[in-house]
Structures are given as structure tokens and as C-alpha cells.
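*Asks:* Here you go, sequence then predicted model.
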Amino acid sequence: MQSHKFSTHLAFSLFTAAVMLALVLPNLVQHGMFMDGTQYAIVAKNLAEGKGSFWFPYLSSSWEKQGQNYFLEHPPLIYFLQSFFFKICNGSYLSERLYCFFALILSAFLIKAIWQRIFKKENKYHLLYWLPVLLWIIVPSVSWSYKNNMQENTVSVFVLASVYFMLRSISKDSNTYLFIILAGTSIFLASFSKGLPGLFPLSFFIIMRLAFKNITWKQVISNTFLLALIPAVIYFYLVYFNDDARRSLSFYVNERLFHRISNDPEVESRFTVLFWLFSDLLVPMVILLPFMGFNMMRNKKSMLSLQDPILKKHILLFAGIGLAGVIPLCLTHVQRAVYFVPALPFFAIMLSVLFLDEIFKLQNNVTLSPKAFKTVFTVGSVGVIAVLIYTIIVFGKDGRDEEVISDARKIAVVTGKNKNIYALSGIYEEWGFQFYLLRYNNITLEPGAKQQEYILLNKEEKFADATYKDLNLDLTKYKLLKKIN
């Protein structure tokens, strides 16, 4: 019976792996990426090539914010970590993509570890770890983030690690303080990757007390104090004893973080992020609704009334952790759906627990039916093989922003690498185009009126200087001129 159970879980795990690969892998092996992700990749590439430093990352010679030429939009950890992939891959376009895939696998592994921590081996739900992973990866913002090298990928790894360590810390067979220290270090690394959004796991022990009531308020206060003390001590040490760290982090906090919150609103309502969250979670909820329907038709009761009390507590715990990662975003008008990606694994775990009984019954039915098992196993196997074949077919092709990449490639063929081009007509602020030039060929667009060998302008515009000749490159949007004297 145990071997049948294992086989069933293996089949569902294989199906989950097929879905994960299908949603992410083909995009990762193609050229084209959201401009922010390309920008972060450029900074990591430059660091790998010795341009800039850990505390003062570098984007390009034309980049300047608040009088600084360094790229201090975020704390520097992610660029440093990603730079190792650029060294390993020798600057290949796959460098940042392998980093994204590595973060994806780590996050999935940590979701599995958290699940198996709350449902230990003797628990009948122990091997259903594939369920939260599946519900997590089908959330649209999750797959989008991993396809586009967003910083939330790295934050998710450290946030999940911190929650895992905190779950370990409350186990009777664990060294409480050791795991709290590990959790606090993980929270520091999460905040050192993206700033304030990485701090939301600090609420864990408070939420645990409210959901389970298995620890005293005295323990909550002492554990949370120690948890917060770890990142606080590390930051104090860095700022007090390292001048570069103090200058870099002070500029980030004062000139970028607070400045952006005050002056760069992205949404009109503070609660827009909650609508985005609901929209994202609709995908796994719609998939799970039939199970609720079957359950209610058969039992004439609500699903919550059927849940085991311990399961209800787990639902409250993970819903609370997820909301702790989303609600603070309502305090500012600077919002994007991707910002709450680190909170989405906990909503996936919450939904998995909410529908756990019905999924467990389904899996038992599959266990008892060799035909059903073979069907799931076959679908998973064929899915993995099909995704890998398709990935090979599209490997190295242009995906997103095909025309923009084509223009950047044609320009690079003529100018060569490591060039500066004077960009007219606001072309400098077409960030996606600028970043493709930088990422692949170290070609910098200059916004100022400087004497350059090459000038780039929109197709319909004229340039009066007779010392420049149109190279007639057949670009989609632009024309490139070269100085002839």
C-alpha cells in the first residue's frame, strides 16, 4: 500500500514539475525580458566584469540619480549573488536566466520543506507537498517574476527560509535559539535584497500565537525581539564600521526609498494591491472550486465546518503570514503586483490546506485505481518531455520585444561593442531598448548633446548637421547616423 501511495505522489509531483517547467523554462531560454530584470542583469554583469563594486554597483556612464552615478536603487546583495552566475557562464545571455531558474527551484524546495514540517512523516498529508507548489506556480505573478529576473525571486528564497527556520524553532526537538538566529539572518538577507518588503516575516510569532495559542505572549515578545535583533545588529555593524556601507545604504534609504515613496506614485488607490492579489489568487481558486462544490453537494455543509481544528489553525497561520507581506504595501501609492510575490507561497499553502481533505480523497481514489495513476503519470511524463522539446526548439530565439532586440542587434553590428551613442528625441528614456544595448554589447545611450561618432533619432526626424550620414540600417523605429568628418 505504501508503494502505491508513493507512486501516486510521484505521479502528481511529476505533473507539478511539468506545469512549472512549462510556465517558466521556454521563456527563460529565449531573448527578451522585462526592462527592470534586464537592468538588474546589466548591473550584475558589470560587477562580474569589475565595473563598480559591491557597495556601489554600476549601470552605465549615463546613469545618474540625485547626483550619483552609481546604481543605488536597491540594496546590493542580489547583484552580488547574480554576478557569480555571470562569471560561471562567461556573460552569456543565460547567466541571469540560470539564476532565475535556480531561485525557482530553491523556492519550490523550501515550500516543500515547510509543508513537510507542518505535516510530519506520520501525518497522512505529508506527501502532498506537490499541491502547494502547484498552486504557487500557477499564480500569474509568480511565473512572470521568474521569467523576468525580478528581485522578488531572491527575496522569496530568504523569506521562505526564514519561515522554515521559525517553524523549526518552535519544535520541541529543536534548538530554539539556533533556528531563530538562522531565521533572523534570513530576514536580514531578504531585506538586504529588496529593503523593507523583506521584513514581513518578523510578524511570524505574533501570528503563530493568534492562530495556535501554543506559545505564550512572553515567548512571542522574546522570540520576536531576538528575531529583529539579528538584522538590526548586522545593519548596525555594517553602517558603524564600514564607511562604504554607510554611504551606500544611507543614499538608498534617504534619496531612493523615501524619495520614491514620496514622489513617485504608481496607483491612485492604496488598496489597488489587494485587488491585484485577489485577481492573482483567482487562478488557483477557480481550479479548486470544483472540489468545494463536490464537497458541499455531498455533505450539505460549508467546507470550513468540515476542517480539522489543526487545519483551521494552519489556514489562519499562513493567511496571516501572506497578508503581512501584502498589507504594508497599502501604506504607499508605489505598488506593483510583483511586489507581493514573496507572500504568494504562503497563500498557496493556505489554499492547499483549505482544500486538503478533498484533494486527499481524490488522491486516495487515484491510489486505488491503477488506470487513474497511469493517466496522471503519463500526463506528467509527456508534459515534461514536451516542454523540454519545445524549450530546445525555441532556445536562443527572440521572444519578448523581438523588434526592439532586432534594432539593438543591427546597431551593434555596425558600431561594435563598448560604444557611446548620442540619443535624440527622448530615445534615452526608452528603457527597454537602452538596456538591451547595454546588456548585450555595452553600448551606452547618452542623453546630453555630446560630440559622438554615432547619433540615434526617430525615423521621421531630420538632423541638420551635414557632417553626419544616415547609415540606412532598416531599423523599425529609429535611424542611425555616423560622423563622416
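*Replies:* On my side now, so go ahead.
*Asks:* what about the strands in the stretch 351-485 of the chain?
*Replies:* For the stretch 351-485 of the chain, the strands defined by DSSP state E, counting those that start in this stretch occupy 420-423, 444-446, 454-458, 468-470, 478-483.
*Asks:* any chance of those strands in CSV, with mean pLDDT too?
*Replies:* Output for those, formatted as CSV (pLDDT from 0 to 100):
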stretch, mean pLDDT
strand 420-423, 90
strand 444-446, 91
strand 454-458, 91
strand 468-470, 89
strand 478-483, 91
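*Asks:* most packed of those?
*Replies:* Neighbour counts averaged per stretch over those are highest for strand 420-423, at a mean of 22; criterion: mean count of other Cβ atoms under 10 Å. (C-beta placed from N, C-alpha, C; glycine too.)
*Asks:* Against which helices or strands is that one packed?
*Replies:* In terms of contacts (3 or more Cβ pairs under 8 Å, 6 or more residues apart in numbering; DSSP states H and E), strand 420-423 is packed against strand 444-446, strand 454-458.
*Asks:* tell me the angle the last one makes with strand 478-483.
*Replies:* Okay, so that is strand 454-458. On the basis of axes from the mean of the first three to the mean of the last three Cα atoms, to 10 degrees, strand 454-458 is oriented at 150 degrees to strand 478-483.
*Asks:* Offset the numbering so it begins at 390, please.
*Replies:* Let's use 390 as the start, then, which means that last one is strand 843-847.
*Asks:* Show me what strand 843-847 is in contact with.
*Replies:* Here strand 843-847 makes contact (Cβ atoms under 8 Å, 6 or more residues apart in numbering) with 800, 804, 808-814, 816, 834, 852, 857, 866-872.
*Asks:* list the buried ones in stretch 769-782?
*Replies:* Buried residues in stretch 769-782, defined by neighbour count with 16 or more other Cβ atoms under 10 Å: Gly769, Gly772, Val773, Val776, Thr780.
*Asks:* Take those and keep only those in helices.
*Replies:* Gly769, Gly772, Val773, Val776, Thr780 (DSSP state H).
*Asks:* pLDDT weak spots in the stretch 740-874 of the chain?
*Replies:* 751-759, 761-762, 838-839 (pLDDT under 70).
*Asks:* now the helices for the stretch 740-874 of the chain?
*Replies:* 745-757, 759-783, 791-804, 820-830 (DSSP state H, counting those that start in this stretch).
*Asks:* rewinding a little: out of the strands of the stretch 740-874 of the chain, flag the one nearest Val552.
*Replies:* strand 833-835 (41.8 Å; Cβ to Cβ).
*Asks:* just how off-centre is the closest one within its chain?
*Replies:* Per Cα atoms, centre = their mean, to the nearest Å, the displacement of strand 833-835 from the mean C-alpha position of its chain is 29 Å.
*Asks:* Please name every helix or strand in contact with it.
*Replies:* Strand 833-835 packs on strand 809-812, helix 820-830, going by 3+ Cβ pairs under 8 Å, 6+ apart.
*Asks:* ok, Leu599 to Lys702 distance?
*Replies:* Taking Cβ to Cβ, to the nearest Å as the measure, Leu599 and Lys702 are separated by 10 Å.
*Asks:* ok, the two, which is more surrounded?
*Replies:* Set Leu599 next to Lys702 and count neighbours by other Cβ atoms under 10 Å: Lys702 wins out with 19 against 14.
*Asks:* Leu448 is in contact with Gln428, correct?
*Replies:* Yes. Between Gln428 and Leu448 a contact is recorded at 6.8 Å, counting by Cβ atoms under 8 Å.
*Asks:* what about the stretch 590-739 of the chain, any weak spots by pLDDT?
*Replies:* Residues of the stretch 590-739 of the chain that meet the cut-off, pLDDT under 70, sit at 651-653, 680-696.
*Asks:* That one: helices as residue ranges?
*Replies:* 593-601, 606-630, 632-640, 647-652, 661-688, 692-695, 698-713, 733-743.
*Asks:* For the residue nearest to the spatial centre of the chain, give me its contacts.
*Replies:* Centroid check for the chain by Cα atoms, centre = their mean gives Asn542 as the closest residue, at 2.5 Å. Asn542 makes contacts with Cys489, Ala492, Leu493, Ser496, Ser534, Tyr535, Val730, as judged by Cβ under 8 Å, 6+ apart.
*Asks:* run the last query once more with 6 Å
*Replies:* Counting by Cβ atoms under 6 Å, 6 or more residues apart in numbering, Asn542 makes contact with Cys489, Ala492, Ser534, Tyr535.
*Asks:* Equivalent analysis for Lys440, please.
*Replies:* Tyr447.
*Asks:* Please, which helix or strand holds it?
*Replies:* Per DSSP states H and E: Lys440 is located in neither a helix nor a strand.
*Asks:* Would you list the phi and psi of it?
*Replies:* With angles defined as degrees, to the nearest 10, Lys440 sits at phi -90, psi 120.
*Asks:* what are the C-alpha coordinates of stretch 640-657, in PDB please?
*Replies:* Taking Å, rounded to 0.1, in the frame of the first residue of the first chain, the C-alpha atoms of stretch 640-657 are listed here in PDB:
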ATOM      1  CA  PHE A 640      21.800  57.100   0.000                       C
ATOM      2  CA  TYR A 641      19.500  54.200  -0.700                       C
ATOM      3  CA  VAL A 642      17.200  54.900   2.300                       C
ATOM      4  CA  ASN A 643      17.200  58.700   2.100                       C
ATOM      5  CA  GLU A 644      17.500  59.500  -1.600                       C
ATOM      6  CA  ARG A 645      15.800  56.500  -3.200                       C
ATOM      7  CA  LEU A 646      13.500  54.700  -0.800                       C
ATOM      8  CA  PHE A 647      11.900  57.700   0.900                       C
ATOM      9  CA  HIS A 648      12.200  59.900  -2.200                       C
ATOM     10  CA  ARG A 649      10.300  57.300  -4.300                       C
ATOM     11  CA  ILE A 650       7.600  56.700  -1.700                       C
ATOM     12  CA  SER A 651       7.000  60.500  -1.500                       C
ATOM     13  CA  ASN A 652       7.300  61.500  -5.100                       C
ATOM     14  CA  ASP A 653       6.700  58.500  -7.500                       C
ATOM     15  CA  PRO A 654       3.200  57.200  -7.000                       C
ATOM     16  CA  GLU A 655       2.100  54.400  -9.400                       C
ATOM     17  CA  VAL A 656      -1.500  53.900  -8.300                       C
ATOM     18  CA  GLU A 657      -4.300  56.200  -7.300                       C
END
